[in-house]
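Asks: Pasting the sequence and the predicted model now:
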Amino acid sequence: IMLEGVEYVVSHKVNGKVESQGNSTDPLTIADQTQVTVEFINTRDGASLEIAKLLDGNGITEKDKDKIFEFQIKTDEKINDSLYRAIKFDDHGQESSQDVTFENSSSNTIKLKAGERLVIYGLPTDIDYVVTETNAAEFETHYKMDDTGSHEGKETKDFKLKKDDKTTVLFLNSKQASSLVLTKTLAGDGITEEDSDKRFNFTITADSPEVNGEYDAVKKTAAGRKEDTKVEFTKGVANVELRDTETLTISGLPLDVDFTISEDEETAEGFEITHRLNNGQVIKKSETTDFDLREEGAIVEFINTKHL
C-alpha cells in the first residue's frame with residue numbers, strides 16, 4: 001500500500017494467529033454461525049516532525065492567546081508535489097487530522113495557536129529541513145529542538161530527521177509588559193469644591209495600532225478606594241477621565257511602544273495645565289512628549305493650577 005508521502009509495510013493476522021506479510025489474506029472459509037477476525041497491521045517507514053507553539057511573559061494578552069501563528073517548512077525539492085498525513089493536537093489534547101503538502105521546496109502554511117502542536121508523519125530522513133515562524137514580529141522568539149538548549153530566532157538551523165523517531169521543534173514567543181500611572185492634581189488658592197469634583201479628560205496615544213482592546217487597570221479614588229476597571233484602546237488610542245487626586249494605573253502595556261498623553265483643554269478651561277514625567281521637571285504644556293514605559297513603568301502627573 002502507498003499513500004502519497006507515506007509508505008507502509010502491511011501484514012495481517014487471521015483469528016489472532018501468526019502474522020503474515022501482505023495486504024490480502026488467503027481465501028477464507030467461514031462456517032455457519034462462526035466468526036472470523038482479520039487484523040491488518042500497517043508499519044510506516046520514515047520519521048516524524050512535531051512543531052509546537054507556546055507563549056510566555058507578563059505582556060501576553062487574551063488577543064495573543066487567540067492569535068493564529070503561521071509556520072513553513074523549507075526542505076529539498078525531492079519531496080515536491082508530496083502530501084503527508086499529520087495530526088494536530090489543541091491545548092486540550094483534542095486531535096484533528098490534516099494534510100501537509102510540499103511545493104517549490106516548501107510546505108503549505110501550518111497554523112497553530114498557543115498550546116497547540118502538529119505532528120507530521122512519514123517524512124524522509126535523507127534531506128535537510130528548516131522550520132520558520134512567519135508572523136510573530138511583535139514577539140521575542142526562541143526555538144528549542146528536542147532536549148537541546150534554547151536558540152534565539154524565528155528560523156531554525158538546518159536539521160535532519162531520525163528514522164523511526166520524532167523530532168520536536170518548540171517555538172516560544174515572549175512579550176514583556178509594563179504599567180502606566182496617570183495622576184490628576186489641582187493646585188492654587190483658587191480651587192473650589194466644584195473644581196475638586198470636576199472630571200478632567202485625557203487622551204492616551206500609543207504609536208502602534210497593535211495596542212488595541214481592553215487592558216486591566218486600577219483606579220484609586222479621591223476617597224482612597226481602589227477599584228478594578230478596564231481601559232479600552234482602539235488602534236492605539238484610549239480616553240480616560242480623572243478627578244482631583246485620583247490615580248489610574250494601567251497594566252499589561254508593551255515596552256517597545258512610545259506613548260503620549262494629552263489633557264483636554266476644554267474640560268480644563270480656567271486652569272494653567274502643567275505635567276511632569278517620572279517625577280521630573282514640571283512642564284507648562286497640556287501634552288507630553290513621546291515616552292516609553294521602561295520595565296519599572298512610567299508615572300505621568302497632570303497639575304492644573306488656579307489662583308484667585
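Replies: Structure's in. What do you need? Please read these numbers as outputs of a predicted model, since none were measured by experiment. Numbers count the residues shown, from 1 in each chain.

Asks: Can you show me the helices along the chain?
Replies: In the chain, helices defined by DSSP state H lie at 62-65, 193-196, listed in chain order.

Asks: Buried residues of the last one, list them for me.
Replies: Neighbour-count burial for helix 193-196, with 16 or more other CB atoms under 10 Å as criterion, is recorded at Asp195. Glycine gets a C-beta too; all of them are placed from N, C-alpha and C.

Asks: What distance do you get for the most centrally placed residue in the chain to Ala217?
Replies: The C-alpha lying nearest the average C-alpha coordinate of the chain belongs to Asp64 (CA atoms, centre = their mean; 3.6 Å). Distance, Asp64 to Ala217, by CB to CB, to the nearest Å: 18 Å.

Asks: And His151, by the same measure?
Replies: Relative to Ala217, His151 is positioned 37 Å away (CB to CB).

Asks: nearest to Lys113, of the helices of the chain?
Replies: Judged by CB to CB, the one of these that comes nearest to Lys113 is helix 62-65, at 7.4 Å.

Asks: how about that closest one: buried residues?
Replies: Across helix 62-65, burial judged by 16+ other CB under 10 Å covers Asp64.

Asks: which outside residues touch it?
Replies: 55, 113-114, 139, 173, 175, 212-213 (CB atoms under 8 Å, 6 or more residues apart in numbering).

Asks: Buried ones among these?
Replies: By the neighbour-count criterion of 16+ other CB under 10 Å, the contacts of helix 62-65 include these buried positions: 55, 114, 139, 173, 175, 212.

Asks: In this structure Val119 contacts Glu95, no?
Replies: No - look at Val119 against Glu95 with CB atoms under 8 Å: they stay out of range, at 9.6 Å.

Asks: Find the residues that touch each one of those two.
Replies: Common contacts of Val119 and Glu95, defined by CB under 8 Å, 6+ apart, comprise 87, 89.

Asks: Compare the two (neighbour count), which wins?
Replies: Between Val119 and Glu95, counting by other CB atoms under 10 Å, Val119 is the more crowded of the two (17 against 9).

Asks: I'd assumed Phe200 was in contact with Ile261.
Replies: No - under the criterion of CB under 8 Å, Ile261 is not in contact with Phe200, lying 11.7 Å apart.

Asks: any common contacting residues for the two?
Replies: Common neighbours of Ile261 and Phe200 (criterion: CB under 8 Å, 6+ apart): Phe302.

Asks: on that earlier part again, just want to know which of His151 and Ala217 has more residues nearby.
Replies: Ala217 (21 against 13).

Asks: beta partners of that one?
Replies: Partner residues in beta bridges with Ala217: Thr229, Ile250, with DSSP bridges as the criterion.

Asks: From what I see, Thr274 and Glu287 are in contact.
Replies: No - contact criterion CB under 8 Å: Thr274 and Glu287 do not qualify, at 11.3 Å.

Asks: out of the two, which sits in the busier spot?
Replies: In this view Thr274 and Glu287 are compared by other CB under 10 Å, and Thr274 has more residues nearby, 19 against 15.

Asks: who's the more buried one bridged to?
Replies: So, taking DSSP bridges as the rule, Thr274 has Ile303 as bridge partners.

Asks: Good, we can wrap up now.
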